[in-house]
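Engineer: Fold the following and give me the result.
(one chain, ligands or ions: 1)
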Amino acid sequence: MIRFLSILMALCSAAAAHAQSVAFTFDDAPNMLALPRLSAPQRNAAMLAALARHQVKAALFVTAANGATGAEGKALVRAWGEAGHAIGNHTMTHPDLNSDSVSLAQYQQEVLDCDAVIRTMPGYRKWFRYTYLREGHTKDKRDGMRQFLSAQGYRNAYVSLDTSDWRLEEKLLEVLAKNPQADLAPIKRMYLSHIRQRALAYRELGQRLQGRDIAQVMLMHHNLINALWLDDVIAQFKAMGWTIVTPEAAYSDPVYALQPASADPGQSLLLSMARSLGLGRFDGWARLVDDGDTEIEALKAQGW
Ligand SMILES: [Zn+2]
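Structural biologist: Purely as a prediction, here's the structure:
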């Protein structure tokens, strides 16, 4: 019996050592747009229900001017905190730090303004998600933001596993605008295939850069495509044998304490690290930065 147990424990720890993990994060909340099929509160409830069904704790990154300053939008965000999810900062109005018309001081004020809106929410964390995942195209902006976040006690809420869910969302809305009754099964299949491809490719890149499986942090958005199919996305990760962890657990991976030396940091942390190391356009790189072109072209080829 003891021998059996020790074999079992050895098998379990071997499995744990090889289990790839991922944390779910959603940007640009609250999405208050009037969209087909589901209202903003219905979309919010659908995403929360999918997470609850799978007992997944995620993080929601708030762009306050999207609606979190009003009662209805604030209630949608608050529901995430009350359900045990983390609430993070994604600026007030989603400016682009890499734009010449946005100063470092303006961008910092954007962080503070959003903080003032979310700081009393349940689930509030001092986690900052850069808009467009752009961390400054000049040394002054890059270092200025790094110092600012550190002084404010904020963490750079990095993404490692970047997806183009927003692009497939555009396609979904385009199809529904033409035909509200359209059969969405082909888009759903393409979405799941896209997430799977990115997950496997970023896993491989993490292994290449760190010699091990890092805890992945995935970026998706507060949108219709996830209201419809988040449940399927989670189920797919489980079927792939991945473990879903909290964002806290993922961020405790030492890889997220790194600050790539690149003069133009941003995108997935893994791509940023690859650039800093001079890896350039490695095998598979194009597919990671194609903004979902591959899937959009494949849908077009099917007549969509
Ligand atoms: Zn965003």
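
Engineer: Only C-alpha atoms from now on, for both contacts and neighbour counts.
Structural biologist: Fine.

Engineer: Around the ion, pick out the residues from this structure.
Structural biologist: 28, 131 (C-alpha under 5 Å from the ion).

Engineer: So in the chain, which helix runs the longest?
Structural biologist: helix 185-210 (DSSP state H).

Engineer: packing partners for that one?
Structural biologist: strand 161-162, helix 165-178, helix 224-239, helix 269-276, helix 293-301 (3 or more C-alpha pairs under 8 Å, 6 or more residues apart in numbering; DSSP states H and E).

Engineer: now these in JSON lines, with distance to residue 137, mean pLDDT and mean neighbour count?
Structural biologist: Formatted as JSON lines, those follow (distance: least, C-alpha to C-alpha, whole Å; pLDDT from 0 to 100; neighbours: other C-alpha atoms under 10 Å):
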{"stretch": "strand 161-162", "distance to residue 137": "20", "mean pLDDT": "98", "mean neighbour count": "26"}
{"stretch": "helix 165-178", "distance to residue 137": "23", "mean pLDDT": "97", "mean neighbour count": "17"}
{"stretch": "helix 224-239", "distance to residue 137": "31", "mean pLDDT": "98", "mean neighbour count": "18"}
{"stretch": "helix 269-276", "distance to residue 137": "13", "mean pLDDT": "92", "mean neighbour count": "22"}
{"stretch": "helix 293-301", "distance to residue 137": "25", "mean pLDDT": "93", "mean neighbour count": "14"}
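
Engineer: between the longest strand belonging to the chain and helix 224-239, how big is the angle?
Structural biologist: In the chain, assigned by DSSP state E, the strand with the most residues is strand 21-29. Orientation of strand 21-29 against helix 224-239 (axes from the mean of the first three to the mean of the last three C-alpha atoms, to 10 degrees) gives an angle of 180 degrees.

Engineer: Tell me the buried residues in the longest helix of the chain?
Structural biologist: Neighbour counts over helix 185-210 (16 or more other C-alpha atoms under 10 Å) mark 187-188, 190-192, 194-196, 198-199, 201-206, 209 as buried.

Engineer: Run the chain-centre distance for that helix.
Structural biologist: 13 Å (C-alpha atoms, centre = their mean, to the nearest Å).

Engineer: Taking helix 224-239 as reference, get the angle to that helix.
Structural biologist: Using the same axes, to 10 degrees: helix 185-210 against helix 224-239 is 60 degrees.

Engineer: Quick check: next helix or strand after helix 185-210?
Structural biologist: Using DSSP states H and E, the helix or strand that follows helix 185-210 towards the C-terminus is strand 216-221.

Engineer: elements contacting that next one?
Structural biologist: strand 21-29, strand 161-162, helix 165-178, helix 247-251.

Engineer: try it again with 10 Å
Structural biologist: strand 21-29, strand 59-62, strand 161-162, helix 165-178, helix 185-210, helix 224-239, helix 247-251 (3 or more C-alpha pairs under 10 Å, 6 or more residues apart in numbering; DSSP states H and E).

Engineer: who's in contact with the third one?
Structural biologist: For strand 161-162, the external contacting residues (C-alpha atoms under 10 Å, 6 or more residues apart in numbering) are 22-24, 133, 195, 198-203, 205-206, 215-220, 267-271, 288-289, 291.

Engineer: centre of the chain versus it, how much separation?
Structural biologist: Using C-alpha atoms, centre = their mean, the offset of strand 161-162 from its chain centre is 7 Å.

Engineer: Pull up the pairing partners for it, direction included.
Structural biologist: strand 216-221 (parallel) (DSSP bridges).

Engineer: Ok, the second one next?
Structural biologist: For strand 59-62, the pairing partners within the sheet under DSSP bridges are strand 21-29 (parallel), strand 86-89 (parallel).

Engineer: Thanks again, I'm all set now.
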